[in-house]
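J.: Predicted model, plus sequence, below.
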Amino acid sequence: MNLTFLGGIDEIGASCTLVEVAGHRLLVDAGIRMKGRNEERLPYLERLSELGGVDAIVLTHAHVDHSGSLPLVHQRYPAAPIYMTPATMNLVSILLQDSAKIMALQEETDVPLYNMEEVARTLEAIRPLPFDWSLPLFDGQVQATFFPAGHILGAASLWLESPEGTLLIAGDISLADQVTIPGAQIPALQPDCILVESTYGGKVHSDRRKEEERLTEQVDLVMQRRGSVLFPAFAVGRAQEIILLLAEAIEEERLPRAAVFVDGMVKAVCKAYISHPKLLSKGLRRRIDRYQDPFFYRNGFVLPVWDPRTRKKVANTQPAIIVSSSGMLTGGPSQLYARELSQGQRNLLAITGYQDEESPGRQVQDLARAGGGTLRLGETEVTFTCAVATYGLSAHADSQEITRWLQTAIGGRQQPTDILLGHGDDGAREDLRARLQEVGLDQVSLPVRGQTVEVVPRGTGGISVPSPLPTVALLQKEDLEGLAQRLGDRDR
């Protein structure tokens, strides 16, 4: 079994790994980078044809750094089925259609990577695969299984079994329970090789509950001085967390009653979350039982912004809270709101997620540390005099959690397991490798883009996952969606 890294290995963005096994080629993820022009945003897709093409595709989760180039891959290899969890399928549909729409609007500066028709054809090729279900690939020579990875709705770790070795691809993982979803399940599979993320490999997160309390307290101060708060948030995952944190704080009178405006793609993603209640946290399921729509319930104070023409009016409503995409201020309505709120000293720009080094969000953080300054948002130069705060609400595991995840996944294996660190910059990967070596995990490598790594079978390999129902290969898409529900009922 060979792994060739086409992107997202010594960087965060454009995740894409080709697994060659049993004479076939399985592509795991097909993302884009959030920076650069079109040709700079893609994984090394040209390498696919050099290696013989793609026979099947697996997506670990919906975020565009893992899914954004999927239509391009499908155009080149239309016969390759695409596997992902049913929830990821729901979210990918929203994200890819939104990406195509945005690219069409930007056609004057960049040629669109794909259009709506190409997205539609890609979505038709998706075959949903529920968690904890073994899928036979390539005439049964390879078994593929998804396990819950935390992170966002539907996110999965991928387990591959074959005569050529066993491989566990973590995807993006979060061990901590979130407001919306439970933390990752750690499968003790004793694989020959593990590929794991290292986004925060050199850090230990702040206590999440304390960060939530600090966020609520500072929002309260802004409301008391009749200012406004902008949360530029990732539309999938982080925005839902923020909305629910704020809603519950207002319901419990820890915050004064104020309008919480929700704009951008966030609105559609909230509906997608509600569509998969079995995958949600117990607290969020209780809210669904109580309100039906736990985000935008009748006579509530969380208000969707449907008409773009009202955005300036929303931005000038005080006191108010705004939750809007995009999370790095790279585009979307959050740029407009940031421009409108930036020079109000009573206002707060609240950053809750990872900011790429070249993103406007990171530049805002740098300005705040420097005591203020000016930067370009879209086509406008903006001077920031509002307050800026950063909160540790990451949906990625930190170094301690990654270490624990690895120790559990490896279990009592007698033969050494090869550990490959990806999805992080060199500093984070080096720090994580040093920590893993301290706890006796010595077989740690830091691959780079374009490199091929061989997985060598060791001993008896992994533990097969029993299939409680008929083989997935014989089921249709509609059957699988029903199956996902039945499996959720079983595990409730």
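T.: Received the coordinates, thanks. Keep in mind the model is a prediction, meaning the values are calculated, not measured.
J.: which stretches of this structure have low pLDDT?
T.: By pLDDT under 70, the low-scoring segments of the chain are 35-39, 107-110, 414, 459-492.
J.: Need the single longest helix in it, by residues.
T.: helix 86-105 (DSSP state H).
J.: Please name every helix or strand in contact with it.
T.: Counting by 3 or more CB pairs under 8 Å, 6 or more residues apart in numbering; DSSP states H and E, the packing neighbours recorded for helix 86-105 are helix 64-67, helix 70-76, helix 116-124, strand 126-128, helix 266-274, helix 477-491. The C-beta positions use only the backbone N, C-alpha and C, and glycine is treated the same way.
J.: try 7 Å
T.: helix 64-67, helix 116-124, strand 126-128, helix 266-274, helix 477-491 (3 or more CB pairs under 7 Å, 6 or more residues apart in numbering; DSSP states H and E).
J.: was I right about residue 332 contacting residue 325?
T.: Yes. With contact defined as CB atoms under 7 Å, residue 332 reaches residue 325; the gap is 4.3 Å.
J.: Quickly list what's touching both of those two.
T.: residue 264 (CB atoms under 7 Å, 6 or more residues apart in numbering).
J.: more crowded one of these two?
T.: More neighbours surround residue 325 than the other of residue 332 and residue 325, with 27 against 21 (other CB atoms under 10 Å).
J.: Let me see the contact set for that one.
T.: For residue 325, the contacting residues are 233, 234, 235, 239, 264, 265, 266, 332, 333, 334, by CB under 7 Å, 6+ apart.
J.: I'd like to know which of those residues are part of helices.
T.: 239, 266, 333, 334.
J.: Between all of the contacts of residue 325, which two are at the greatest distance?
T.: Farthest pair in the contacts of residue 325 (CB to CB) is 234 and 333. Separation: 13.6 Å.
J.: Residue 194 bridge partners, please.
T.: Under DSSP bridges, the beta-bridge partners of residue 194 are residue 168, residue 419.
J.: how much space is there between it and residue 157?
T.: Residue 194 sits 10 Å away from residue 157, going by CB to CB, to the nearest Å.
J.: now residue 436
T.: Noted for residue 436: a distance of 18 Å to residue 157, by CB to CB.
J.: which parts of stretch 268-285 are buried?
T.: 268, 269, 270, 272, 273, 274, 276, 278, 279, 280, 281, 284 (16 or more other CB atoms under 10 Å).
J.: roughly how far out does it sit from the chain middle?
T.: Offset of stretch 268-285 from its chain centre (CA atoms, centre = their mean, to the nearest Å): 16 Å.
J.: hey, C-alpha coordinates of it in PDB?
T.: In PDB, the C-alpha atoms belonging to stretch 268-285 read as follows (Å, rounded to 0.1, in the frame of the first residue of the first chain):
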ATOM      1  CA  ALA A 268     -28.600  26.800   5.100                       C
ATOM      2  CA  VAL A 269     -26.000  24.900   7.200                       C
ATOM      3  CA  CYS A 270     -28.200  25.400  10.300                       C
ATOM      4  CA  LYS A 271     -31.000  23.600   8.500                       C
ATOM      5  CA  ALA A 272     -28.600  20.800   7.500                       C
ATOM      6  CA  TYR A 273     -27.600  20.200  11.100                       C
ATOM      7  CA  ILE A 274     -31.300  19.800  12.100                       C
ATOM      8  CA  SER A 275     -31.700  17.200   9.400                       C
ATOM      9  CA  HIS A 276     -29.400  14.800  11.200                       C
ATOM     10  CA  PRO A 277     -30.600  14.800  14.900                       C
ATOM     11  CA  LYS A 278     -29.100  11.400  15.700                       C
ATOM     12  CA  LEU A 279     -25.600  12.800  15.200                       C
ATOM     13  CA  LEU A 280     -26.100  15.800  17.400                       C
ATOM     14  CA  SER A 281     -25.400  16.400  21.100                       C
ATOM     15  CA  LYS A 282     -28.000  15.500  23.700                       C
ATOM     16  CA  GLY A 283     -28.400  19.200  24.500                       C
ATOM     17  CA  LEU A 284     -29.100  20.200  20.900                       C
ATOM     18  CA  ARG A 285     -31.600  17.300  20.500                       C
END
